[in-house]
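Novice: structure for this input, please:
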Amino acid sequence: MAISETPATGPSTSERGSGRTLRELSDLITPMTIRVAVTLRIPQKISEGELTAEALAAATNSDPDVLERILLHLVSVGVLTRDDDGRFGLTRVGDQLLLEDDGFANPDFLDLNTVVGRAELSFVRLPDVARSGDIVAYSAQYGTGFWDDLGNEPSSATHFDQVMADGMQKRVQEIAESYDWGALGSVVDVGGGNGTLLAGLLRAHPGLRGTVVDRDAGPATRTFREAGLTGRAAALSGSFLEPLPPGAGGYVVSRIQSDWNDADVRTILGHCAHAAGAAGRVIVVDEFAAEEGVRTDSETDLRMLMYYGGKERTMEQVRELAADVGLSVRSLRRAADWTIMELSSARDG
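Specialist: Presented below is the predicted three-dimensional model:
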């Protein structure tokens, strides 16, 4: 199932902006009022029967006049309704703010009190990033890195891991079937989160054993226990910016190509290469940018830049970073809309 590298197709740049005015495209008011409403849990309060501006202000410890002005703007953009008696309600769009499993719209992602919600505010540093090229906006805004903050907020970390796992779950069967994982004997899932990918690989390949290394071993440990895989799977707390446990047949990394800067990607791949040795494999499982200069998801690309100093990379860019630490590509295989890039020591050929 080796694949060729072809650009993704999609709407042209002019088509993406079609029908929207410059004012709509540059608006900061609507995104902020939505985030403030979520932070104050306005949608939940409305669903519980607090319907007037006065009642909502009392329920959220807010200023009645300011809150009403925020709510009226949300009425004007179709998030809320307001009747002649001053009672607010949720539109179909507003209802989405109640869906706690709805990915980005989850309160943990829009709530300005959480690390993920705060990350959006780091976009005020975009002019500085544009000028310097090497400032990480989140760190500049808050004095600490995104991952460090996430590790200090268990609820946000849990939700973040679950959203990542949900995205992986959609692809895990294809990933498990598109490569001979069983031939590796054992794998280390580097930065494997709650263990969703590794659990899928172990279920599909009964002879395979594996370990997740991530900042918190707890979520993956629970996943393996619930899946009845504790005899074949383990989890270790650790950083992939530090040396990894050696001797596994394969070292799997996913999403590193976008979540980290070039120096960190080299470090991660270098630790994988060292731990794998001459006989092991380093396997990048990811979705790559279509080609140089054409981003498949420009919003995600900019978020990677602002949150972590990362970027959406092409296969060739990842190849070059791998080559810097002595790794070369052995094979490329398609797995749903992702790619499995198998790397090994360059001297292994």
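
Novice: ranges for the strands of the stretch 201-349 of the chain?
Specialist: 209-214, 233-237, 250-254, 281-286, 327-335, 338-345 (DSSP state E, counting those that start in this stretch).

Novice: quick check: domain ranges of this structure?
Specialist: 20-98, 170-348 (automatic domain parsing).

Novice: between the ones you listed, which gets nearest to residue 129?
Specialist: domain 170-348 (6.7 Å; CB to CB). For the C-beta atoms, the positions are set from N, CA and C on the backbone; glycine is no exception.

Novice: for the record, mean pLDDT for the closest one?
Specialist: Taken as a whole, domain 170-348 has a mean pLDDT of 90.

Novice: same check on stretch 80-99?
Specialist: 93.

Novice: could you name the helices and strands sitting against the host helix or strand of residue 128?
Specialist: Element membership for residue 128 (DSSP states H and E) is helix 126-132. For helix 126-132, the packing partners by 3 or more CB pairs under 8 Å, 6 or more residues apart in numbering; DSSP states H and E come out as helix 137-142, helix 298-308.

Novice: make JSON lines from those helices and add distance to residue 332 and mean neighbour count to it.
Specialist: As requested, the helices and strands packed on helix 126-132 are exported to JSON lines (distance: least, CB to CB, whole Å; neighbours: other CB atoms under 10 Å):
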{"stretch": "helix 137-142", "distance to residue 332": "32", "mean neighbour count": "20"}
{"stretch": "helix 298-308", "distance to residue 332": "22", "mean neighbour count": "18"}
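
Novice: before we move on, back to that, may I see the domains of the chain arranged in a markdown table, with distance to residue 139 as well?
Specialist: Shown next, in a markdown table, are the domains of the chain (distance: least, CB to CB, whole Å):
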| stretch | distance to residue 139 |
| --- | --- |
| domain 20-98 | 21 |
| domain 170-348 | 8 |
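
Novice: show me where the stretch 151-300 of the chain has its helices.
Specialist: 154-169, 172-177, 196-204, 218-226, 256-259, 262-276, 298-308 (DSSP state H, counting those that start in this stretch).

Novice: same list (those) but as CSV, adding distance to residue 288.
Specialist: Output for the helices of the stretch 151-300 of the chain, formatted as CSV (distance: least, CB to CB, whole Å):
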stretch, distance to residue 288
helix 154-169, 15
helix 172-177, 15
helix 196-204, 17
helix 218-226, 25
helix 256-259, 7
helix 262-276, 13
helix 298-308, 12
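
Novice: nearest to residue 29, of these?
Specialist: Of these, nearest to residue 29 by CB to CB is helix 298-308, at 18.9 Å.

Novice: same list, the helices and strands packed on helix 126-132, but as TSV with distance to residue 211 please.
Specialist: Shown next, in TSV, are these (distance: least, CB to CB, whole Å):
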stretch	distance to residue 211
helix 137-142	29
helix 298-308	24
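
Novice: how about the ones you listed, which one is nearest residue 187?
Specialist: When the helices and strands packed on helix 126-132 are ranked by proximity to residue 187 (CB to CB), helix 298-308 comes first, at 24.9 Å.

Novice: any idea of the angle that closest one forms with helix 262-276?
Specialist: 80 degrees (axes from the mean of the first three to the mean of the last three CA atoms, to 10 degrees).

Novice: show me the one of the helices of the stretch 151-300 of the chain that comes nearest residue 110.
Specialist: helix 154-169 (11.5 Å).

Novice: wait, doesn't residue 126 sit right on residue 137?
Specialist: Yes - using CB atoms under 8 Å, residue 126 is in contact with residue 137, at 6.8 Å.

Novice: please identify every residue contacting each of these two.
Specialist: residue 306 (CB atoms under 8 Å, 6 or more residues apart in numbering).

Novice: for stretch 42-49, the distance to its chain's centre please.
Specialist: The chain centre lies 29 Å from the centre of stretch 42-49; the measure is CA atoms, centre = their mean, to the nearest Å.

Novice: touching that stretch from outside, list them.
Specialist: 37, 56, 59-60, 71, 80, 88-90, 94-95, 97-98.

Novice: how about it: buried residues?
Specialist: Buried residues in stretch 42-49, counting neighbours by 16 or more other CB atoms under 10 Å, are found at 42-46.

Novice: what of stretch 63-72?
Specialist: Buried residues in stretch 63-72 (16+ other CB under 10 Å): 67-68, 70-71.
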